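S.K.: Based on what follows, work out the 3D shape:
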Amino acid sequence: MKSRNLLVFNIVLTVIAVTALVISLSGFGGRGEQQPPQPVYDTSSQNQVSSQEAEANAAAGIEALKQMQYSFRAVAKKVLPTVVEINVVDIIKQPVPQFMSPFEFFFGTPPNKEKQQWREYKQYGLGSGVIVRHTGNKVYVLTNNHVAGKADQISVRLHDGRQYKAKLVGKDEKKDLALIVFETKDKNIPVAELGNSDSLQVGDWVLAIGNPLGFESTVTAGIVSAIGRRSLPGTGIASFTDYIQTDAAINQGNSGGALVNIKGEVVGINTWIASPSGGSIGLGFAIPINNAKKAIGDFITKGKIEYGWLGISIADVPESYMKDMKLQSGNGAFVFGVFKGSPAYRAGFLPGDVITRIDGEKIKDSTQALFIIGNLPPGKLTNFEVVRYGERISLKAKLATREEEAKIQKKSNKLWPGLTPVKITEDIRKQLNIPAGTGKIIIGNIVQGSPAAIAGIRAGDIITKINDSRVDSILDFYEAINNPKARKIMFTIVRNESELIIGLVK
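M.R.: Here you go, the predicted structure:
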């Protein structure tokens, strides 16, 4: 199929080139152009041959375009019945304002909360979904979490107009995926063919199918503009998946619909667009179907997606750390803290380590590291390469199952040490009015509920010593708190020009 498409593309290019040549030979220049004298030859037979070749090439090109058109038709015919319209209703509750009587107002009697009345109203939404499994009387539809994850009522409308009530099977905010199910005894329910999104390449033809703005069963065409796109931190877009970028038109209502290749295989779930106006400008993004295949089974069997958990707090490598920590580059994920009792703790990870490879894959930043670890199955023995004090070492950790964020936050008392050291620059010294010669390391952040926070260390404290050893660099800090012989870590700090000693137990 790929070679055939390449042939089609080459034929189209040939037609364009030949057409341009024919136009130029026909004398279509600007009016009034002075043409140089041309010698006169008998070219009647030559012109006849050229004309015949041009006509033949043009006919071949038209036939190639027809074949491409037929291919698009075939894909649409195959996939449209497997893409559904999802209508959702969210029931929103709001308190009804209570008005006090003059007596209550005069004597200050508070409103009776037990008599508080609530008003409900319905908020309607629309999206798309893909039929991915039909087992017995149950039909499973894959869509986005932001389409159906919080809905109180869900209904599904098939391409042929059949409608069913559906319910949520499972949802996941980290990947923005959800699975819903409806029941029917009708066996004539088409199921989408799931492809291999790892085989996609930039430039491949793709079609986006869904219900944009309520225009049901809409098909748009484009190419794969990029692969491996990631969401930016703080945007609210799911970060435990990468994205396929396409210029196929995607608009509101397309969310949860199918992105398919020229074989009619689903290679992505359309999810979001980048646009200053809210409409399509050719920047659409889809979750690769390979990132969703495992989720389908997890939703059905467990009602949720399980993620791997290492038990570390990481961020990108601060540029100011590189020299002190003897790092050759800023690539990798910097370990700021380790949860006691976690897989990382048992594997020997230490604060100050820089993760550079996971199972042989190079790590560019903390986002990539978090993505890879999260998508590894719990219980998997995983190989890590880290740089510690300038030396490369190998560690192995058996991942645990990641808990809900709220539960992880409750474990903050086990996150060692729970603080971020910052090197004092001249700018910091001036901004904070730190006297010259007063320490070289300042605390930039404290994790709430961590050992450092419980001990009373605050952001802005200046560390001068740890266990009677001077702390003049970031390396000094991490070597001191990681000292295997020291059970207690005594911080000598300067706060408001006063010297304090605060101890932490490892």
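
S.K.: For the rest of this, base every contact and every neighbour count on C-alpha atoms.
M.R.: Noted.

S.K.: Stretch 458-476: which residues count as buried?
M.R.: For stretch 458-476, the buried set under the neighbour-count rule, 16 or more other CA atoms under 10 Å, comprises 458-467, 470-476.

S.K.: Counting neighbours, what do you get for H134?
M.R.: For H134, the count of nearby residues is 18 (other CA atoms under 10 Å).

S.K.: now do Q163
M.R.: 15.

S.K.: Dig out what it forms beta bridges with.
M.R.: Residues in a beta bridge with Q163, per DSSP bridges, are R157.

S.K.: mind checking how far it is from Q123?
M.R.: Distance, Q163 to Q123, using CA to CA, to the nearest Å: 20 Å.

S.K.: Kindly report the same for A486.
M.R.: Note on A486: its distance to Q123, by CA to CA, is 59 Å.

S.K.: And the helices in the stretch 301-450 of the chain?
M.R.: 343-347, 366-375, 405-409, 426-431 (DSSP state H, counting those that start in this stretch).

S.K.: Show me the domain layout of the chain.
M.R.: Annotated domains of the chain cover 1-14+50-94+117-304, 308-403, 417-505 [automatic domain parsing].

S.K.: Among those, which comes closest to Q409?
M.R.: domain 417-505 (8.5 Å; CA to CA).

S.K.: pLDDT score assigned to F477?
M.R.: At F477, the model reports a pLDDT of 97.

S.K.: just checking, it touches N467?
M.R.: No - between F477 and N467 there is no contact under CA atoms under 8 Å: 10.7 Å.

S.K.: quick one, what contacts P377?
M.R.: By CA atoms under 8 Å, 6 or more residues apart in numbering, the contact set of P377 is E306, Y307, G308, L399.

S.K.: measure it to N413 for me?
M.R.: In terms of CA to CA, P377 sits 26 Å off from N413.

S.K.: ok so, going back, now the helices of the stretch 301-450 of the chain as CSV including mean neighbour count, distance to V260 and mean pLDDT?
M.R.: Listed next are the helices of the stretch 301-450 of the chain as CSV, based on neighbours: other CA atoms under 10 Å; distance: least, CA to CA, whole Å; pLDDT from 0 to 100:
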stretch, mean neighbour count, distance to V260, mean pLDDT
helix 343-347, 19, 39, 98
helix 366-375, 20, 24, 93
helix 405-409, 11, 34, 90
helix 426-431, 11, 53, 92
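
S.K.: Next, the buried residues of the helix ranked longest in the chain.
M.R.: The helix spanning the most residues in the chain, taking DSSP state H as the definition, is helix 44-79. Neighbour counts using 16+ other CA under 10 Å place 54, 57-58, 60-61, 64-65, 68, 72, 75-76, 78-79 of helix 44-79 among the buried residues.

S.K.: repeat for stretch 193-205
M.R.: E193, L194, G195, S197, L200, D204, W205.

S.K.: Which two of the residues you listed have the greatest separation?
M.R.: The largest separation in the buried residues of stretch 193-205, counting by CA to CA, is between E193 and D204 at 18.1 Å.

S.K.: Is it possible to get CSV of the buried residues of stretch 193-205 that adds pLDDT, distance to R429 and secondary structure?
M.R.: Shown next, in CSV, are those (pLDDT from 0 to 100; distance: CA to CA, whole Å; DSSP: H, G, I helix; E, B strand; the rest coil):
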residue, pLDDT, distance to R429, secondary structure
E193, 97, 62, coil
L194, 98, 58, strand
G195, 97, 57, coil
S197, 97, 52, helix
L200, 97, 52, coil
D204, 97, 54, coil
W205, 96, 56, strand
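
S.K.: Out of the residues you listed, which is nearest to A178?
M.R.: L194 (16.5 Å).

S.K.: excluding its backbone neighbours, what's nearest the closest one?
M.R.: Excluding its sequence neighbours, the residue lying closest to L194 (CA to CA, 6 or more residues apart in numbering) is V266, at 4.8 Å.

S.K.: tally of neighbours for the one you found?
M.R.: Neighbours of V266 (other CA under 10 Å): 28.

S.K.: next one: K488
M.R.: Neighbour tally, K488, other CA under 10 Å: 13.

S.K.: Next: D324.
M.R.: Under the criterion other CA under 10 Å, the count of neighbours that D324 has is 15.

S.K.: Okay, helices next: where are they in the stretch 151-300 of the chain?
M.R.: Using DSSP H, counting those that start in this stretch, the helices of the stretch 151-300 of the chain run over residues 290-302.

S.K.: the strands in it, which residues?
M.R.: 153-157, 163-172, 177-183, 205-210, 218-229, 243-246, 258-260, 266-273, 284-288 (DSSP state E, counting those that start in this stretch).

S.K.: okay, the ones you listed, which one's buried deepest?
M.R.: Greatest average neighbour count among these goes to strand 258-260 (a mean of 33), per mean count of other CA atoms under 10 Å.

S.K.: Each with direction, which strands does that strand pair with?
M.R.: Applying DSSP bridges, strand 258-260 is found paired with strand 205-210 (antiparallel), strand 266-273 (antiparallel).

S.K.: now those strands in a markdown table, with distance to I424?
M.R.: Compiled in a markdown table, the strands paired with strand 258-260 are given as follows (distance: least, CA to CA, whole Å):
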| stretch | distance to I424 |
| --- | --- |
| strand 205-210 | 52 |
| strand 266-273 | 41 |
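
S.K.: These: which one's closest to T438?
M.R.: So among these, strand 266-273 is nearest, using CA to CA, at 50.5 Å.

S.K.: State the mean pLDDT of the closest one.
M.R.: 96.

S.K.: ok, now stretch 171-189?
M.R.: For stretch 171-189, the per-residue pLDDT averages 95.

S.K.: re the thing from before, to L179, which of the strands paired with strand 258-260 lies closest?
M.R.: Nearest of those (CA to CA): strand 266-273, 12.2 Å.

S.K.: quick check, distance from that closest one to the centre of its chain.
M.R.: Mean C-alpha position of strand 266-273 versus that of the full chain (CA atoms, centre = their mean, to the nearest Å) differs by 12 Å.
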